[in-house]
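Asks: From the sequence below, what's the structure:
(4 chains)
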There are 2 protein chains.
Amino acid sequence: MSRQDSGVAVMAEQKQPNRERIVATANRLFYTKGYNQTSFAHVADELGLSKGNLHYHFRSKNELLDAVIDLRMESIKQMLARWEKQYPDGKARLKRYARILLNEEADVVRYGCPMGSLNMELAKDQRDLQQHSRDMLELFRRWLEKACKQIGRRDYRALSLHIMARSQGAAMMAALYADVGLLKAEYKRLVDWIEML
Amino acid sequence: MSRQDSGVAVMAEQKQPNRERIVATANRLFYTKGYNQTSFAHVADELGLSKGNLHYHFRSKNELLDAVIDLRMESIKQMLARWEKQYPDGKARLKRYARILLNEEADVVRYGCPMGSLNMELAKDQRDLQQHSRDMLELFRRWLEKACKQIGRRDYRALSLHIMARSQGAAMMAALYADVGLLKAEYKRLVDWIEML
DNA sequence: GACATATTAGTACCCTCGTCCTAATCTCTC
DNA sequence: GAGAGATTAGGACGAGGGTACTAATATGTC
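Replies: As a prediction, this is how the structure comes out:
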């Protein structure tokens, strides 16, 4: 019997287990400050926990990174499954993907794409860590690939990569100039292009 | 009378002043390892110099970063000036820009775009440092803007940003998958698109 | 209540970081 | 060659990094 299931349900006040709170906070800090610029102490301080506590749950920083990526991947999978139900049409799916950056535009403009920027950081002399981060982007790519197949394109792989490149470029430039307008302009171009496929 | 000009010319064996060697090495390490992951000690070790020596030439790491960016900007300016002579036609200029990533494809595939990745790194909680890095990209953007004007486009600013976004996206995806093919594919798409303008 | 386990706090360890200081050495000018 | 200034080496420093260890506390089971 796990902890949350035992005793009277405290419902709203039931606090999240520390392990999950740690992953959630690390997730945010890895995004906003960068992986290398975030320390165990940062995460612990934000939560009012001790460094030793974090080390109990995650023996190393890599392990914490893995947990963060697992969390993101889980959330991505759920989102993609939701989209599959909401948008039966292939093109509609591609457009929905394009719109993703607009959802979190304030964050994207400040910190870039969470996946892209993390991956770029790890690509530099930390290739071992990069692998897992790549898996995350592959979730999207394969989903896009499926949608491209669905609209009868034979170059589905190339198309999926191109669409991701376009959205990565948009996120990058928007963060560079800290300008939401760039995000919207690139979104529009991309959607128009998808429409013409 | 400066040091290099004095005395008998040693020509080929004349070694670069240490200051320049430091900037050149820092430039490479900031690119391949990332700014935050590169320390004074790394740079000093590679050159067989002491940390104190580096501190003599650059009192802080920011100062070294500024010198690196200045070096890059100088080289960019020269390259753009060369291109202006070589390619009088606006579209040819845009295409030449698109080809830039193919020049250094081996590096781009491993470390991404030198400007984009640096900027992304500094965008995360180090906005003060980001400014100078942005100037570097602005050199390209204004040059593209001019070429767009030249071919009679009234949306020259938007176009210049879009072209940069495309190349940034290409670099990002190529580094993500460590695949030169992606770079070439995106290059081809971009050139075709420029041709249709 | 007693025990085993899971969790937490606190701290100690060793390393690297960015910066700074001092003393030696080199280079050029006179 | 003597003196002045530029350059270099080497190490000290305080801070913070990731990791590990120990003791205390909370939790669940019998």
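
Asks: Show me what from chain A comes close to DNA strand C.
Replies: A:3, A:17-19, A:48-53, A:55-57 (CB under 7 Å from any atom of the strand). Heads up, the C-betas are built off the backbone N, CA and C, glycines and all.

Asks: one more time with 6 Å, if that's ok
Replies: Residues of chain A that fall close to DNA strand C, judged by CB under 6 Å from any atom of the strand: A:18, A:49-53, A:56.

Asks: the bottom helix or strand of chain A by mean pLDDT?
Replies: Sorted by mean pLDDT, DSSP states H and E, the helices and strands of chain A end with helix A:100-103, the least confident at a mean of 94.

Asks: Average pLDDT for the next helix or strand after that one, rounded please.
Replies: For helix A:100-103, the succeeding helix or strand toward the C-terminus, using DSSP states H and E, is helix A:105-111. Averaged across helix A:105-111, pLDDT comes to 97.

Asks: Tell me who's in contact with the residue of chain A found nearest chain B.
Replies: Across chain A, no residue is closer to chain B than A:Gly169, which sits at 2.6 Å (CB to the nearest CB). By CB atoms under 8 Å, 6 or more residues apart in numbering or on different chains, the residues touching A:Gly169 are A:186, B:164-170, B:172.

Asks: Poorly predicted segments of chain A, please.
Replies: A:1-15 (pLDDT under 70).

Asks: Past the longest helix seen in chain A, which element shows up next along the chain?
Replies: Taking DSSP state H as the assignment, the helix of chain A that covers the most residues is helix A:61-86. Following helix A:61-86 in sequence order, the next helix or strand is helix A:90-98 (DSSP H and E).

Asks: Can you name the helix or strand that the residue of chain A found nearest DNA strand C falls in?
Replies: Residue of chain A nearest DNA strand C, by CB to the nearest atom of the strand: A:Gly52 (2.1 Å). Here A:Gly52 sits within helix A:51-57, counting by DSSP H and E.

Asks: any bit of that helix sitting next to DNA strand D?
Replies: Yes: contact of helix A:51-57 with DNA strand D (CB under 6 Å from any atom of the strand) involves A:51-52, A:55.

Asks: so what does that helix touch, helix or strand wise?
Replies: helix A:18-32, helix A:40-47 (3 or more CB pairs under 8 Å, 6 or more residues apart in numbering or on different chains; DSSP states H and E).

Asks: correct me, but A:Ile151 touches A:Pro88?
Replies: No: the criterion here is CB atoms under 8 Å, and A:Ile151 misses it with A:Pro88 at 11.8 Å.

Asks: Could you check which of those two is surrounded by more residues?
Replies: Neighbour comparison, A:Ile151 and A:Pro88: the larger count goes to A:Ile151, with 16 against 9 (by other CB atoms under 10 Å in any protein chain shown).

Asks: Can you report how many residues neighbour the residue of chain A found nearest DNA strand D?
Replies: Going by CB to the nearest atom of the strand, DNA strand D is nearest to A:Ser39 of chain A, at 2.8 Å. Around A:Ser39 sit 14 other residues, with neighbours defined as other CB under 10 Å.

Asks: where's it relative to A:Gly48, distance?
Replies: Using CB to CB, to the nearest Å, we find A:Ser39 at a distance of 16 Å from A:Gly48.

Asks: just A:Asp179 next, same as before
Replies: 36 Å.

Asks: Kindly report the same for A:Glu74.
Replies: A:Glu74 is 26 Å from A:Gly48, by CB to CB.

Asks: the more surrounded of those two?
Replies: A:Glu74 (10 against 7).

Asks: touching chain B at all, the host helix or strand of A:Leu139?
Replies: Taking DSSP H and E as the definition, one finds A:Leu139 inside helix A:127-150. Yes: contact of helix A:127-150 with chain B (CB under 8 Å from any CB of the partner chain) involves A:134, A:137.

Asks: Next, the buried residues of that helix.
Replies: A:129-130, A:132-134, A:136-137, A:139-141, A:143-145, A:147-148 (16 or more other CB atoms under 10 Å in any protein chain shown).

Asks: Put the alpha carbons of that helix into CSV.
Replies: What follows is helix A:127-150, C-alpha atoms only, in CSV (Å, rounded to 0.1, in the frame of the first residue of the first chain):
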residue,chain,number,x,y,z
ARG,A,127,27.2,13.1,-26.0
ASP,A,128,26.5,10.3,-23.5
LEU,A,129,23.7,12.4,-21.9
GLN,A,130,22.4,13.5,-25.3
GLN,A,131,21.0,10.1,-26.3
HIS,A,132,18.1,10.2,-23.9
SER,A,133,17.2,13.7,-24.8
ARG,A,134,17.1,12.7,-28.4
ASP,A,135,14.5,10.1,-27.6
MET,A,136,12.2,12.8,-26.5
LEU,A,137,12.3,14.5,-29.9
GLU,A,138,11.9,11.2,-31.6
LEU,A,139,8.5,10.9,-30.0
PHE,A,140,7.4,14.0,-31.9
ARG,A,141,9.2,13.0,-35.1
ARG,A,142,7.6,9.6,-35.4
TRP,A,143,4.2,11.1,-34.6
LEU,A,144,4.7,13.6,-37.4
GLU,A,145,5.9,10.9,-39.7
LYS,A,146,2.7,9.0,-39.2
ALA,A,147,0.7,12.0,-39.9
CYS,A,148,2.6,12.6,-43.1
LYS,A,149,2.1,9.0,-44.2
GLN,A,150,-1.6,9.6,-43.5
